[in-house]
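Novice: could you look at this predicted model? Sequence included:
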Amino acid sequence: MKKKVLLFTALAAVTLAGCSGTTQTQQHTGTEQNTSVQESTGKNSAASSQAGDVYEEAFAEWNSDAPALNTLVDYVENVTDESSADFIPVENRIAVFDMDGTLYGELFPTYLEYYMFAWRALADPKYEADPETKAVAEEIKAGGPTHTYAEDMGIRHANAAAKAYSGMTLTEFADYTTEILLRDVDGFTGMTYGEAFYQPMIEVIEYLQDNEFSVYVVSGTDRYICRTLLEGTVDIPAGNFIGMDVALEASGQGDTDSLDYTFASGDTLVRTDRLQVKNLKTNKVTAIAREIGKQPVLSFGNSSGDTAMHTYTISNNPYKSAAFMLIADDDKRDYGHPENAAKLREKWEGNGFNVISMKDDFKTIYGENVEKTGKFRWTEELAK
């Protein structure tokens, strides 16, 4: 799709119509002047309507008066204009997105990867977890409905998940993930886990890609879950996903170190139980430098785990840059916390970030046919 071209055409029509009307008004007097003004007004009205229609096409899931959206559009129009002092060459148009809570829901009742792991450790009839892994899963099960966990749960989950999926080939892990994604989302009707994306943010990705930005997903979630989840929803190359990583090894190498083993024709890659990185906070920054090799000019996130990535994007950047934070403040269509909105807005704006309010800025979150039920089956589902 080429929404940018259409949008610019419509906006240009507004400008040209306005200029044409001004010229005619200056050149004519009396009745002729009134006629030209009326014609100009009609042209402006028609062109404005056309621009509005195209804007609605590109951002149908947004409220048109959303401040952050208008800031983003102004930014993109500026940096893609070759006559602008802020023009950014295509090869340097890098946009990075967090996933959970930024592109994808995280309140049903908790993160997808937490649910997936808890199911694996507590309810999967084909897998018997060790006591330590089960203990982490039980904590996640208990904390899920209130989204309340110990401060170190992120790294403990990452290590436990590495063990839970150890020995799976990449294809087996993708298939396992897909099986989870086909299930109905807890706490909602009308969508599966594989469909639980914030529709307005998917529009942002498509808009940026139409304007020749390279989009990367930089998430704390397992890299391979991210790839499988977004496949078919957005056109992002597999190499543009950065996330939590475990060590991989060849299926036939056994205890031999990878430096001493040569991959054989009959080998396939398998996951190990060795966590390599939990991709949060400054780990996101170092991963961007290592894997992208360029400083982003746009960054999108929703939590303190993204502030380092945001700050890296907008600090000492040779190009005009911007960062955006989503606030989960909608408790009607989602399980957000509007009572925290004002405090978070003040905090993020104080850091120089643009704020996106899900309640005020999103025309829809997950889609028109999705409804919040107000209750979870979480506890029952995770009981063997």
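Specialist: Ah, there it is.
Novice: make it CA atoms for all contacts and neighbour counts henceforth
Specialist: Noted.
Novice: A123 and W378 touch, don't they?
Specialist: No - between A123 and W378 there is no contact under CA atoms under 8 Å: 11.4 Å.
Novice: these two: who's more crowded?
Specialist: Legend: neighbour count by other CA atoms under 10 Å for A123 and W378, higher for W378 (19 against 16).
Novice: tell me who's in contact with that one.
Specialist: Applying CA atoms under 8 Å, 6 or more residues apart in numbering, we find W378 in contact with 109, 141, 144-145, 186.
Novice: report the two of those residues separated the most.
Specialist: Largest separation among the contacts of W378 by CA to CA: K141 and D186, giving 13.2 Å.
Novice: which SSE is E249 in?
Specialist: For E249, the host element (DSSP states H and E) is strand 241-250.
Novice: give me the contact list for that strand.
Specialist: 158, 162, 216-224, 226-227, 258, 263, 267-279, 287, 291.
Novice: pull the contacting residues for D306.
Specialist: 98, 280-281, 284, 300.
Novice: same check, this time on G220
Specialist: 98-99, 243-244, 278-280.
Novice: do G194 as well
Specialist: Going by CA under 8 Å, 6+ apart, G194 touches 178, 181-183, 229.
Novice: cutoff 6 Å now
Specialist: Remark: with contacts taken as CA atoms under 6 Å, 6 or more residues apart in numbering, G194 is in contact with L181.
Novice: for it, helix, strand, or coil?
Specialist: What DSSP: H, G, I helix; E, B strand; the rest coil gives for G194 is helix.
Novice: which parts of the chain are helices?
Specialist: All helices of the chain, identified by DSSP state H, fall at 3-27, 30-58, 67-79, 112-122, 131-143, 153-164, 170-181, 199-210, 223-230, 282-291, 307-314, 341-350, 358-361, 378-381.
Novice: any chance of those helices in a markdown table, with distance to I94 and mean pLDDT too?
Specialist: Output for those, formatted as a markdown table (distance: least, CA to CA, whole Å; pLDDT from 0 to 100):
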| stretch | distance to I94 | mean pLDDT |
| --- | --- | --- |
| helix 3-27 | 17 | 38 |
| helix 30-58 | 20 | 49 |
| helix 67-79 | 12 | 97 |
| helix 112-122 | 26 | 97 |
| helix 131-143 | 35 | 97 |
| helix 153-164 | 27 | 97 |
| helix 170-181 | 27 | 98 |
| helix 199-210 | 10 | 98 |
| helix 223-230 | 19 | 98 |
| helix 282-291 | 10 | 98 |
| helix 307-314 | 10 | 98 |
| helix 341-350 | 22 | 97 |
| helix 358-361 | 24 | 98 |
| helix 378-381 | 38 | 91 |
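Novice: just so I know, which of the ones you listed lies nearest R333?
Specialist: Nearest to R333, of those and by CA to CA, is helix 358-361 at 8.4 Å.
Novice: buried sites along that closest one?
Specialist: Neighbour counts over helix 358-361 (16 or more other CA atoms under 10 Å) mark 358-359, 361 as buried.
Novice: then stretch 330-342?
Specialist: 330, 333-336, 338, 341.
Novice: settle this for me: F97 is touching S214, isn't it.
Specialist: No - in this structure, F97 is not within contact of S214 by CA atoms under 6 Å, at 11.0 Å.
Novice: those two - which one has more neighbours?
Specialist: F97 (24 against 20).
Novice: give me the number of residues near the closest residue in space to V215 that isn't next to it in sequence?
Specialist: Leaving aside its sequence neighbours, V215 sits nearest to A95 (CA to CA, 6 or more residues apart in numbering; 4.9 Å). Using other CA under 10 Å, A95 has 24 neighbouring residues.
Novice: specify the beta-bridge partners of A95.
Specialist: A95 has these beta-bridge partners by DSSP bridges: V215, L298.
Novice: neighbours around G232, how many?
Specialist: 10.
Novice: for it, grab phi and psi.
Specialist: phi 90, psi -10 (degrees, to the nearest 10).
Novice: and stretch 222-241, how far out from the chain middle?
Specialist: Chain-centre distance of stretch 222-241: 11 Å, with CA atoms, centre = their mean, to the nearest Å.
Novice: okay, A58 and N211: tell me how far apart.
Specialist: 12 Å (CA to CA, to the nearest Å).
Novice: returning to that earlier point: okay, the contacts of D306 in a markdown table with distance to G194 and neighbour count next?
Specialist: Shown next, in a markdown table, are these (distance: CA to CA, whole Å; neighbours: other CA atoms under 10 Å):
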| residue | distance to G194 | neighbour count |
| --- | --- | --- |
| D98 | 17 | 27 |
| L280 | 23 | 24 |
| K281 | 26 | 18 |
| K284 | 24 | 27 |
| F300 | 21 | 28 |
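Novice: tell me which of those has the lowest pLDDT.
Specialist: Among these, L280 carries the lowest pLDDT, at 94.
Novice: now do the contacts for that residue.
Specialist: Applying CA under 6 Å, 6+ apart, the residues near L280 are 220, 305.
Novice: oh, and call the first residue 49 from now on, that's how I've got it
Specialist: Will do, 49 is the new start, and the previous item becomes L328.
Novice: quick one: low-confidence ranges for the stretch 299-432 of the chain?
Specialist: The model of the stretch 299-432 of the chain has pLDDT under 70 over residues 432.
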